[in-house]
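> Structural data only, the sequence is not supplied:
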């Protein structure tokens, strides 16, 4: 008669893994809770019901530097402005004019989701999200690097690009039932003189 095999020990995660998961869930919950309505933040309305939870979270947890540093540095932050409370009502996209040393010009279309085939829309959504931020004036410090990257994408070592002119195009989406404007507004907002030394370094690295 064979003896029964000893019972195998159940596998379990170490305590520090459980602690990390718990703290991570806490951090993303703190950040994912919506901010209180603007009228409450401005003192125009008294919080009621669950508003008190949102106010307390906004003032005492979401504002903590430790929470923000953890989420922003590791890229785990998220915003719900695509859904609520005020989804974006602007369609915005970009293109650029690339001017070469010999005076020739090329039009560069920054990836625009509307123009892409369906299989390419999802993997290229990050480009739309990036431009949604980088086009704003408060991120103007990124414009030179953005334009330099476009120069690199349209590079010709025998006839290098010398200028990149960035243009934004935007259209406000009308609310339901209102007439919709069809023509986009546009504005050439940045004229970049290509730094040839930086462009040469980019050629050396893939």
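Okay, I see it. Remember, it's a predicted structure, so these values are computed and weren't measured experimentally.
> Could you use CA atoms for every contact and neighbour count after this?
Fine.
> all strands for this structure, in order.
Along the chain, counting by DSSP state E, strands occupy 90-100, 105-109, 161-172, 185-193.
> contact partners of the longest helix seen in the chain?
For the chain, the longest helix by residue count, based on DSSP state H, is helix 15-32. Helix 15-32 has contacts (Cα atoms under 8 Å, 6 or more residues apart in numbering) with 57, 61-62, 67, 71, 76-80.
> could you give the mean pLDDT of it?
Mean pLDDT, helix 15-32: 92.
> what does stretch 64-83 give?
82.
> How far away from the center of its chain is the worst-scoring helix or strand of the chain on mean pLDDT?
Least confident helix or strand of the chain, by mean pLDDT, DSSP states H and E, is helix 38-41 with a mean of 86. Centroid separation for helix 38-41 versus its chain: 26 Å, with Cα atoms, centre = their mean, to the nearest Å.
> and it, which residues are buried?
Residues of helix 38-41 classed as buried by neighbour count (16 or more other Cα atoms under 10 Å): residue 40.
> distance of residue 94 from residue 136?
Going from residue 94 to residue 136 by Cα to Cα, to the nearest Å gives 12 Å.
> Neighbours of the residue nearest to residue 144 when sequence neighbours are not counted, how many?
Nearest residue to residue 144, sequence neighbours excluded (Cα to Cα, 6 or more residues apart in numbering): residue 192, at 6.5 Å. By other Cα atoms under 10 Å, 19 other residues sit near residue 192.
> OK, contacts around residue 192?
144, 147-148, 163-165.
> hey, what's it bridged with?
Counting by DSSP bridges, residue 192 forms beta bridges with residue 164.
> all numbers from here: first residue = 548
Happy to do that; since the first residue is 548 now, the last one works out to residue 739.
> How much space separates it from residue 585?
Taking Cα to Cα, one finds residue 739 at 39 Å from residue 585.
> Could you list the low-pLDDT ranges of this protein?
548-556, 627-633, 753 (pLDDT under 70).
> and if we set it to 80?
Within the chain, the segments meeting pLDDT under 80 span 548-558, 625-635, 753.
> Walk me through the domains of it.
With domains defined by automatic domain parsing, the chain comprises 562-621, 637-751.
> end to end, how far does the first one reach?
Its start and end residues considered, domain 562-621 measures 22 Å (Cα to Cα).
> Same check on the longest one?
Domain 637-751 stretches 39 Å from its first residue to its last (Cα to Cα).
> returning to that earlier point: show me the one in the contacts of helix 562-579 that has more neighbours than the rest.
residue 609 (22 neighbours).
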